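Undergrad: I would like to see how this sequence folds:
(chains A and B)
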Amino acid sequence: MYRDYYCNEPNEKLIGQDVKLSGWINKRRDHGGLLFIDLRDRSGLIQVVFDPDNLKENEFHWNQFRSEWVIQVQGVIQKRPEGTENLNLPTGKIELIAKNYKVLNVSKTLPFELTDFKEETDEIIRLKYRYLDLRRSQKYEILNLRHKVVKFIRDYLDTNGFLEIETPILIKSTPEGARDFVVPSRNNQGQFYALPQSPQQLKQLLMVSGIDKYFQIVKCFRDEDPRSDRQPEFTQLDLEMSFVTQEDVLNLTEEMFTGLIKSLDIDKKFNSPFQRMTYDSAMELYGTDKPDLRFDMQIKDFSSLSKDNPFKVLSNTIKNKGVVKGLVVPGGSAFSRKKIDSLVEYTRELGGSGLIWIVLEENPGSDDFEFKSVVRKYLDLDYVKNISTTHNAKKGDMILLVAGENKHTLEILGQLRNKLGRDLDLFDKNELNFCFITDFPLFEWDEENKKWTSSHHPFTMPHEEHQNNITIDNASDIRAYCYDLVANGSEIASGSIRIHKKEMQEEVFSILGYSKNETNELFSQLLDAFEYGAPPHGGIAPGIDRIIMLLSGTENIRDVIAFPKTQSGFDPLFESPSQLTAEQLNELGISIKNPENNSN
RNA sequence: GGCCCCGUGGUGUAGUGGUCAACACGCCGCCCUGUCAAGGCGGAGAUCGCCAGUUCGAACCUGGUCGGGGUCGCCA
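TA: So this is what the prediction gives:
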């Protein structure tokens, strides 16, 4: 036996007892004739005292000890002498007096320090030595949190009658959605599997099988550029239920998330019940389908007040079927000119033609209304008074206006709103604000490829009133039983009620531009199944990584994944992706187009 | 693919045209029996990501390139 306790377990009740502990040397304080070490494992630290009077001889003398050596110590737990307690440590009132020890392994000097008080080492170095980075307590806590979340979900869904079922990782490439990661087949040269972007069709087939309630905590793969909240492989809780309506799925989701957060001992407050908002109002009020509702500052419509304005930038936009919309920034008059200019620049980076800012000046002791703006000479006082009154802007505030096409204008203002929320500290970092966004459009117009695409995925059920009229002509009007769970401006889960009738599914595919042949080729496994009594069904898929980000307060998805990849999809630890040998390529029947990229 | 930011001993930083590239932590050695981010003294360790250019002279300026981060496109 290597140990009797984890390092943080001994307490005053064990005083006088003989115990054995094992762990890493976190820190060594060598006083010449006396050595203190902090012995560390995943649970924490305990101070061990090496005093020559108490120690047996050993192959290593204790003054050879170095950081990160792995040792086993046997000794007696002792109350620390008066005045030497360390209240920063849970074990700070006691210490282990070493009587015997064994060096289980030595360690080279680490490439970076694990101490918490230093500034963070460059991430690429930490990823290369991820196994060392993960020794740090903050990293362990995140992995522990992740374990608890997944454990809760499994228990909760088990209690509610769900079956956890595995689905294949080697499946078939489909043209919809993200780029696939592909795997060449040796037995079928020239043919490829694809890794699932999600087990979507498989779980629907399980519903046809009568499984009724399915879930899986499963890796999904999308060969698209990573972001701070996106990795090429990530984990979803994929779940599906038969004989359910949208309301059933949302209620289950809400109950699960509420129960989850309550089960965790974390310092976060959250709203209950969750808010509900349609996609259309989210876009109109917040300029995004994932609004951060921890703060207000809704987008306001200034169009009708601006349509006759002599300032052509405003009136001409309205004439050309555009809009003038904007934000009232509370206390915005305190912004420096430099700060305002950076907002204008930010708007341009987002593709906006410009940002009109109007600072309503604070005039203590006077009722005079005055304002500042770079377009001051084009704007009259009455207009500014008018829009201020209508949209409740007060002295000391700033009005920001964007003129242009409606959707683009809203999206720009949505991003500006998020930036201002961050810059002005408008929200409480310890708050979790959950909201279901519902009634997404079934289709979206893809301007680049001049075709309709699914806004969620092609298996989404349209609302009843559109079900008998799924045509190209009204494609933009069709709303769907499709929903997202959004928290603090981040999409946490996404789901829908699915189509379960072959004819309706075929109508949707035809609007997406698939011929009958293509539909059969790519989706016959699902369409055939629908002919054998497919039940109504629907589900949702929360992103596990994002849930952990939210709960742990981290801003980067790499922090919640044990072995993540960089933004270029590189794994610095294994140095993958990597080349194959000539024999491997030959066996797969693959030749490399640019041999200079493969020197094997 | 576009845009923005970053790259200096092992780690984190300073250094914006001119002698041996500075500091902290870490590391090595010596001293030290109550420290806990121990302390004291001493020491080693960097051709400033890479390539080219400008210049009498480049860590510093310019161009390119590689790597990292953020973001837009992309992500059914």
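
Undergrad: please identify the helix or strand for residue A:483.
TA: Here residue A:483 sits within strand A:482-487, counting by DSSP states H and E.

Undergrad: I figured residue A:38 hits residue A:27, correct?
TA: Yes: at 4.4 Å, residue A:38 and residue A:27 qualify as touching, with contact defined as CB atoms under 8 Å. The C-beta positions use only the backbone N, C-alpha and C, and glycine is treated the same way.

Undergrad: those two: who's more crowded?
TA: Higher neighbour count among residue A:38 and residue A:27: residue A:38, with 21 against 14, using other CB atoms under 10 Å.

Undergrad: give me the number of residues near the closest residue to residue A:522 other than its chain neighbours?
TA: In space, and not counting its chain neighbours, residue A:522 is closest to residue A:174: 5.7 Å by CB to CB, 6 or more residues apart in numbering. The burial count assigned to residue A:174 is 15, neighbours taken as other CB under 10 Å.

Undergrad: now do the phi/psi pair for residue A:174.
TA: With angles defined as degrees, to the nearest 10, residue A:174 sits at phi -120, psi 150.

Undergrad: measure it to residue A:78 for me?
TA: For residue A:174, the distance to residue A:78 equals 66 Å [CB to CB, to the nearest Å].

Undergrad: same question for residue A:110.
TA: 30 Å.

Undergrad: ok, residue A:538 next?
TA: Taking CB to CB, one finds residue A:538 at 62 Å from residue A:78.

Undergrad: these two: who's more crowded?
TA: Each of residue A:538 and residue A:78 has its neighbours counted (other CB under 10 Å); residue A:538 has more, 28 against 15.

Undergrad: identify the residue spatially nearest to that one, adjacent ones excluded.
TA: residue A:497 (3.6 Å).

Undergrad: so that neighbour is in which element?
TA: In the assignment (DSSP H and E), residue A:497 maps to strand A:490-497.

Undergrad: just give the strands next to that strand in its sheet, each with its orientation.
TA: Strand A:490-497 has its sheet partners listed here by DSSP bridges as strand A:482-487 (antiparallel), strand A:537-542 (antiparallel).

Undergrad: which residues touch the residue nearest to residue A:538?
TA: Contact analysis of residue A:497 by CB atoms under 8 Å, 6 or more residues apart in numbering lists A:244, A:245, A:246, A:249, A:460, A:461, A:481, A:482, A:536, A:537, A:538.

Undergrad: if we use 6 Å, what do you get?
TA: Counting by CB atoms under 6 Å, 6 or more residues apart in numbering, residue A:497 touches A:246, A:461, A:481, A:538.

Undergrad: now, the most widely separated pair of these?
TA: Greatest spatial distance among the contacts of residue A:497 (CB to CB): A:246 and A:461, at 8.9 Å.

Undergrad: what is in contact with these two at once?
TA: Between them, residue A:246 and residue A:461 share the contacting residues A:481, A:497, judged by CB under 6 Å, 6+ apart.

Undergrad: more neighbours: these two, which one.
TA: residue A:461 (24 against 21).

Undergrad: wait, what's in contact with the more buried one?
TA: Contacts of residue A:461 were listed using CB under 6 Å, 6+ apart, and they are A:481, A:497, A:498, A:499.

Undergrad: and those residues as JSON lines, adding distance to RNA strand B?
TA: Formatted as JSON lines, the contacts of residue A:461 follow (distance: CB to the nearest atom of the strand, whole Å):
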{"residue": "A:481", "distance to RNA strand B": "14"}
{"residue": "A:497", "distance to RNA strand B": "14"}
{"residue": "A:498", "distance to RNA strand B": "11"}
{"residue": "A:499", "distance to RNA strand B": "13"}
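
Undergrad: any idea which helix or strand carries residue A:96?
TA: Using DSSP H and E, residue A:96 sits within strand A:94-105.

Undergrad: continuing past that strand, what's the next helix or strand?
TA: Following strand A:94-105 in sequence, per DSSP H and E, is helix A:123-128.

Undergrad: and the stretch 251-400 of chain A, which residues reach RNA strand B?
TA: Contact residues (CB under 7 Å from any atom of the strand) of the stretch 251-400 of chain A with RNA strand B: A:349, A:350, A:351.

Undergrad: and the closest residue to residue A:184 other than its chain neighbours, how far from residue A:329?
TA: Sequence neighbours aside, residue A:588 is the residue nearest to residue A:184 in space, at 4.5 Å (criterion: CB to CB, 6+ apart). According to CB to CB, residue A:588 stands 58 Å off from residue A:329.

Undergrad: neighbour count winner among the two?
TA: Set residue A:588 next to residue A:329 and count neighbours by other CB under 10 Å: residue A:329 wins out with 25 against 16.

Undergrad: what's the closest residue to the more buried one other than its chain neighbours in contact with, if anything?
TA: Leaving out its chain neighbours, the residue that sits closest to residue A:329 by CB to CB, 6+ apart is residue A:398, at 4.4 Å. For residue A:398, the contacting residues are A:329, A:332, A:333, A:359, by CB under 6 Å, 6+ apart.
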